[in-house]
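**Student:** dropping the sequence and predicted coords here.
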Amino acid sequence: MIFLISFANFSVALADEEKMCSSIKDLIIDGHDTVLVVQAAIDLGWNPCMAVKCAYRESLDMERVIHGAFLANTSPDVVTGCLMEAGVDGNDINGVYAKRDAMGEDYSPYGVVEAPATVIGLPGGSGSGSGGIISPF
C-alpha cells in the first residue's frame, strides 16, 4: 500500500515536472527572455531546481539562467547543483560566477549597457538669445 501511494506521488511529481518544462520551453520558443522566464517561474512558487534545469535544457544559455535564478533570490549552491544535474560542467559554472564577482553590481548577462548622456540646455533653446526669464506659471 505504501509503495502504491509513493508511486502515485512520484507520477504526479513527474507530470508536474513535464508541465513545468513544457511551459518554460513554450515561453522560450515564443521569444521570451530566459532571465525573465526563470525569475517568473521561481517567483510564482515553482521548484527552483526544475525551473533552472528546464530553462537550461531549452535555451542552453547558462549565464541567463543563472541571472534569472539569482534575481529570484535562489542561492548559488542550489543553482550550481541544479545546473550540474542538467549536465553542465562545474568549471563553466565557476567561470560565470567569477565574471559576476568581477563585475559586481554592474553585472548583466545582456553585456555592458551604457546610459545615454544627459544634455541639459538653456530654457528657450540653444541658439543665441536663449535663456531669459523662466515663468513661474
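**Tutor:** Alright, I've got the coordinates.

**Student:** distance check, I29 against C49.
**Tutor:** From I29 across to C49, the span is 22 Å (CB to CB, to the nearest Å). (C-beta placed from N, C-alpha, C; glycine too.)

**Student:** compare these two (neighbour count), which wins?
**Tutor:** C49 (18 against 10; other CB atoms under 10 Å).

**Student:** mind listing what that one touches?
**Tutor:** 78, 81-82, 85 (CB atoms under 8 Å, 6 or more residues apart in numbering).

**Student:** go on, L36?
**Tutor:** Contacts of L36 (CB under 8 Å, 6+ apart): G68.

**Student:** in what helix or strand does it lie?
**Tutor:** If you go by DSSP states H and E, L36 is part of helix 34-43.

**Student:** CA atoms of stretch 49-64 as PDB?
**Tutor:** Provided in PDB are the C-alpha atoms of stretch 49-64 (Å, rounded to 0.1, in the frame of the first residue of the first chain):
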ATOM      1  CA  CYS A  49      15.800  23.500  -9.400                       C
ATOM      2  CA  MET A  50      13.300  22.300 -12.000                       C
ATOM      3  CA  ALA A  51      13.000  25.800 -13.400                       C
ATOM      4  CA  VAL A  52      16.800  26.100 -13.800                       C
ATOM      5  CA  LYS A  53      17.200  22.700 -15.300                       C
ATOM      6  CA  CYS A  54      14.300  23.100 -17.800                       C
ATOM      7  CA  ALA A  55      15.300  26.500 -18.800                       C
ATOM      8  CA  TYR A  56      18.900  25.500 -19.400                       C
ATOM      9  CA  ARG A  57      17.900  22.400 -21.400                       C
ATOM     10  CA  GLU A  58      15.800  24.500 -23.600                       C
ATOM     11  CA  SER A  59      17.900  27.700 -24.000                       C
ATOM     12  CA  LEU A  60      21.500  26.300 -23.300                       C
ATOM     13  CA  ASP A  61      22.200  29.900 -22.100                       C
ATOM     14  CA  MET A  62      23.700  29.200 -18.700                       C
ATOM     15  CA  GLU A  63      24.500  32.800 -18.000                       C
ATOM     16  CA  ARG A  64      20.900  34.000 -18.400                       C
END
